[in-house]
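*Asks:* Fold the following.
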Amino acid sequence: MAQSLVSAISTTPIPAEDQPTFLETGYTHPEAGDFEKTSTFGFPDPAKTWNPDARVYYARRLKSPLNSAMITLSEGFPSRIGNTSLIWSGQDLAPEQYVFYFNEAEIAEVESALKHFTGLNQSISAVGRSTFPLATLGPRLMLLANKLYGESRGLGFFILRGLNPDRYTAEENVILYAGISSYLSSHRGKQDEKNNMLLHLIDLTASVAPDDVRQAPYSNVPQPFHTDTADLLSLYCLNPAVSGGRSILASSWKVYNELATLHPAHICTLAKGDWAFDTFGRSGAAYNMRPLLHLLPKSGRVQFSFSRRPLTGSPVSPRTKGIPDLTSKQSDALDTVHFTALAHAVHITQQKGDLQYWNNFALLHAREGFQDEGKNKRHLLRLWLRDETRAEKWGEVPEVIKGPWMEAFGNVGEEVWPVAPQKDREFVVEQRRSSGFA
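*Replies:* As a prediction, this is how the structure comes out:
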């Protein structure tokens, strides 16, 4: 039964036959023994360290099982994070817990707000609660936003379903996306050095740039678990993939708890400030040294902050020469984060019109590889959001990455809102971006 934005939440578990399996993610469970690759949309690829190879990882586990006895966590890090609905495993979730549907009256209200804004003849940067009025739906969305922070049994993410983007022009889709999102968080961040406030995630194919130089947002490759430079992330699905392309989310604190229990040495490794992040020429230094895992001094919150590409390089972004390689301990810890997240992840098959929101501080995210068919192409829009009203509890950012956060959410300057995908070759092959500025 469809759940409205204000419906009660069901806790019925997903039937076993509907749960994503290890086989669906492209590798077999370690108990199967042979680690045979089984899917073109999964992560394993022995030629790419950016997308970790399950066969290599689990072979390491079998050869060198970790002994967690007598290992002390890094100073201040908790032995376990508990008592929050932000800790979950995907196999225990049902769609009714995170998918909410717009009813006809709510869609009509969105379209009325869209008409109101277009009548103002203002730029898209002016979209907000006052210019995109949702008198009834708006307060419901603001209440629903609490779930992104673990309130009201929230999981740190949800999907709003029911819009039909085919009813609107490209510009109207951007306006209503920004308008609805403003009720969840009013502060939007720029996503690159060109002041783009909106990113189009679409495979632009070799007609724009060859596969070996086109960056991940503009290709169909799988993307391993990472975080972005934002408090909240949002995706608007204009069109889903023909095959694959699922959005994959995992609870950061579920991953942390499992590592702290089974692999405490990894917590120590992840928390050290000796990880070399390639800047790809973005700053004067060739690389920056910092941790992947942070314990925030004011809030006491444990937070992951990383992207694999600056740490490993990728087929389209080779690691800059002279940067220290990952140690075996670092490589093992990084892969353990990925495969632990994958084991507890929820795999979301996006539908046309879906609006997906999640807390970047509480969740890790990844993307399944996908296939398009002719003009039937996967096309998503992305926003970065920050809620200043929650600054006391959620606004703290690790000191070593405050610079990128300020660059994204500080003085943006003149905002750029591309209503169509940018097909400039130089733009789509730019290596300096990695989940934004992080």
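*Asks:* you'd agree Tyr287 is up against Ile323?
*Replies:* Yes: between Tyr287 and Ile323 there is a contact under CB atoms under 8 Å: 4.7 Å. For glycine as for every other residue, the C-beta is placed from the backbone atoms N, C-alpha and C.
*Asks:* joint contacts of the two?
*Replies:* 276, 278 (CB atoms under 8 Å, 6 or more residues apart in numbering).
*Asks:* When those two are compared, which one has more neighbours?
*Replies:* Tyr287 (19 against 16; other CB atoms under 10 Å).
*Asks:* can you pull the contacts of that one?
*Replies:* 276-279, 310, 320, 323-324 are the contacts of Tyr287 under CB under 8 Å, 6+ apart.
*Asks:* Next SSE downstream of the strand or helix carrying Ala366?
*Replies:* Ala366 belongs to strand 363-367 when assigned by DSSP states H and E. Counting by DSSP H and E, the element after strand 363-367 in chain order, helix or strand, is strand 370-371.
*Asks:* Report all helices and strands that that following strand contacts.
*Replies:* strand 243-244 (3 or more CB pairs under 8 Å, 6 or more residues apart in numbering; DSSP states H and E).
*Asks:* Direction included, what does the strand it packs on pair up with?
*Replies:* strand 370-371 (antiparallel) (DSSP bridges).
*Asks:* if I pick the closest residue to Met197 other than its chain neighbours, what's in contact with it?
*Replies:* Nearest non-adjacent residue to Met197, counting by CB to CB, 6 or more residues apart in numbering: Glu415, 5.0 Å away. Counting by CB under 8 Å, 6+ apart, Glu415 touches 123-125, 190, 195, 197.
*Asks:* so how far is Glu106 from Glu415?
*Replies:* Separation of Glu415 from Glu106 (CB to CB, to the nearest Å): 27 Å.
*Asks:* got it, and Arg319?
*Replies:* 48 Å.
*Asks:* And the helices in the stretch 101-250 of the chain?
*Replies:* 104-118, 137-144, 170-181 (DSSP state H, counting those that start in this stretch).
*Asks:* Nearest to Thr389, out of the ones you listed?
*Replies:* helix 137-144 (10.0 Å; CB to CB).
*Asks:* Show me the contact partners of the closest one.
*Replies:* 5-6, 100, 102, 106, 109-110, 129, 134, 152, 158, 180, 183-184.
*Asks:* now do 10 Å
*Replies:* Counting by CB atoms under 10 Å, 6 or more residues apart in numbering, helix 137-144 makes contact with 4-6, 100, 102-103, 105-110, 113, 129, 132, 134, 151-152, 154, 158, 160, 179-185, 357, 389, all of which sit outside it.
*Asks:* Would you mind listing where the stretch 1-150 of the chain has pLDDT under the threshold?
*Replies:* Scanning the stretch 1-150 of the chain for pLDDT under 70 picks out 1-48, 64-70.
*Asks:* What count of nearby residues applies to Glu396?
*Replies:* Neighbour number of Glu396 under other CB under 10 Å is 18.
*Asks:* From Phe409, how far out is it?
*Replies:* Applying CB to CB, the value for Glu396 to Phe409 is 14 Å.
*Asks:* Check Cys268 too.
*Replies:* Between Cys268 and Phe409 the computed distance is 31 Å (CB to CB).
*Asks:* cool, Tyr256 as well?
*Replies:* 25 Å.
*Asks:* again, but for Leu232
*Replies:* Taking CB to CB, one finds Leu232 at 11 Å from Phe409.
*Asks:* Common neighbours of the two, please.
*Replies:* 187-189, 384-386.
*Asks:* Find the residue closest to Asn239 in space, skipping its chain neighbours.
*Replies:* His379 (4.7 Å).
*Asks:* my bad, should have said Asp212
*Replies:* Closest to Asp212 by CB to CB, 6+ apart is Val316, at 6.1 Å.
*Asks:* Ok, Phe306 next?
*Replies:* That would be Leu292: by CB to CB, 6+ apart, it lies 4.3 Å from Phe306.
*Asks:* quick one: that neighbour and Phe304 touch, right?
*Replies:* Yes: the criterion here is CB atoms under 10 Å, and Leu292 meets it with Phe304 at 6.3 Å.
*Asks:* Can you pull the residues that touch both of the two?
*Replies:* With CB under 10 Å, 6+ apart, Leu292 and Phe304 have common neighbours 227, 270, 337.
*Asks:* Just the pLDDT for the first one.
*Replies:* Per-residue confidence (pLDDT) for Thr227: 96.
*Asks:* I'm done for today, thanks for sticking with me.
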